[in-house]
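Enquirer: structure for the following, please:
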Amino acid sequence: MSSVYSNSCDNLILVVLTLLLIGHSGRAQDDWIEYVSVKDKGVMSIGLDLNLHVTRPNYRNLLVVGKKFDHCMPNGFPNEMGLNELMTFSDSTAAIVDASTMNKLAGIVTYQCMGFDVFYVKDTANIRSNLEKVIRDHFDPSKIFISIKKDRSWDYYYKFLFPANLDMDALVDQQYLYGLVLQGDDLKGMRNVNHWLYFKNLKTRNSAGEKLKKLNFTLESIAYDDSNRFPYELKISRQDSITPVSIIETTNLLKALCYSLNAQYDGWGTDLKIAE
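Expert: Sure, this is the predicted structure:
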């Protein structure tokens, strides 16, 4: 079985790259989630501190600090050199922010060879000048973005950073997509997507197979494992889009089918397609 839930190799790659991307202390915590969305120019990834939804400090100022990085893959995400470049910049600016005012890092955005750190800060006095000084001394100012504005209601956090779908299944799908993107996939086009379904008896599996054929799924293989509570496996595939909206629609369809048959849906998988 090689589904989104069980592919340990993909999960290992995801963990390593995620830890690199959210490098400095205070970011790599259990309360952070990462997800992707498809925009006009390509894929955007967003890392978000979910804990701030529950324990939001009374910081009313939004600070966004970003950098254009030179070493990026065709899908707009950093390669190894780009990750190091972003981490160096991020650690440098975070040190300035920490020294200037009380703050919380709320999110991280990566899009089109740009990386942004999103802070909520208590006080904005001198923070721009402090940041601009370290940028002049160590970085190319023409590649830097700084925005400071009032955001008393945390509109940026809730309307831009916060995901529309926050249920656990959607986040599992998003974790898999995020892993593909970090390896260079742009999530574009149609591709072969495999799914794994499990049934309690042969009759139910055969019934499901007929229904799936009508939905244009191909029945790839069957297997039997008497140690499993759902011993009858069915692997299916279909040419599909794997944009976040599309793959969630497809998995919801298959989960609904399995629920109606007292069966078990066990995830999906696809091959990595490196953007050119």
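Enquirer: for the protein, just list every one of the helices.
Expert: Using DSSP state H, the helices of the chain run over residues 8-21, 51-54, 80-100, 127-138, 155-156, 168-182, 202-214, 244-260.
Enquirer: who's residue 108 bridged to?
Expert: residue 47, residue 117 (DSSP bridges).
Enquirer: isn't it right up against residue 116?
Expert: Yes. Here residue 108 reaches residue 116: they are 7.0 Å apart, a contact under Cβ atoms under 8 Å. Quick note: C-beta positions are derived from backbone N, CA and C, even for glycine.
Enquirer: residue 124 and residue 61 touch, don't they?
Expert: Yes. Using Cβ under 8 Å, residue 124 makes contact with residue 61 at a distance of 5.0 Å.
Enquirer: any common contacting residues for the two?
Expert: Shared contacts of residue 124 and residue 61, defined by Cβ atoms under 8 Å, 6 or more residues apart in numbering, are found at residue 148.
Enquirer: let me have the helices of the chain in CSV, extended by distance to residue 193 and mean neighbour count.
Expert: Shown next, in CSV, are the helices of the chain (distance: least, Cβ to Cβ, whole Å; neighbours: other Cβ atoms under 10 Å):
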stretch, distance to residue 193, mean neighbour count
helix 8-21, 14, 15
helix 51-54, 32, 14
helix 80-100, 28, 17
helix 127-138, 44, 14
helix 155-156, 34, 14
helix 168-182, 11, 20
helix 202-214, 13, 14
helix 244-260, 7, 16
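Enquirer: could you check how far residue 56 is from residue 166?
Expert: 16 Å (Cβ to Cβ, to the nearest Å).
Enquirer: whoops, I mixed them up, residue 100
Expert: 32 Å.
Enquirer: low-scoring stretches of this structure, by residue?
Expert: Scanning the chain for pLDDT under 70 picks out 1-30.
Enquirer: from the centroid of it, which residue is nearest?
Expert: The chain has residue 35 as the residue nearest its centroid, 2.3 Å off, counting by Cα atoms, centre = their mean.
Enquirer: isn't it right up against residue 174?
Expert: Yes. With contact defined as Cβ under 8 Å, residue 35 counts as touching residue 174 (3.9 Å).
Enquirer: overlap in contacts, these two.
Expert: Shared contacts of residue 35 and residue 174 (Cβ under 8 Å, 6+ apart): 163, 244.
Enquirer: returning to that earlier point: between the helices of the chain, which gets nearest to residue 273?
Expert: helix 168-182 (8.2 Å; Cβ to Cβ).
Enquirer: so what does that closest one touch, helix or strand wise?
Expert: helix 8-21, strand 32-39, strand 42-49, helix 244-260, strand 264-270 (3 or more Cβ pairs under 8 Å, 6 or more residues apart in numbering; DSSP states H and E).
Enquirer: what do you get if the cut-off is 7 Å, keeping everything else the same?
Expert: The contact analysis (3 or more Cβ pairs under 7 Å, 6 or more residues apart in numbering; DSSP states H and E) places helix 168-182 against helix 8-21, strand 32-39, strand 42-49, helix 244-260.
Enquirer: those into a markdown table, with extra columns for distance to residue 84?
Expert: Formatted as a markdown table, those follow (distance: least, Cβ to Cβ, whole Å):
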| stretch | distance to residue 84 |
| --- | --- |
| helix 8-21 | 8 |
| strand 32-39 | 19 |
| strand 42-49 | 18 |
| helix 244-260 | 28 |
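Enquirer: tell me the domain boundaries of this protein?
Expert: 8-161, 189-270 (automatic domain parsing).
Enquirer: distance to residue 180 for those domains - can I get that in a markdown table?
Expert: Shown next, in a markdown table, are these (distance: least, Cβ to Cβ, whole Å):
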| stretch | distance to residue 180 |
| --- | --- |
| domain 8-161 | 8 |
| domain 189-270 | 8 |
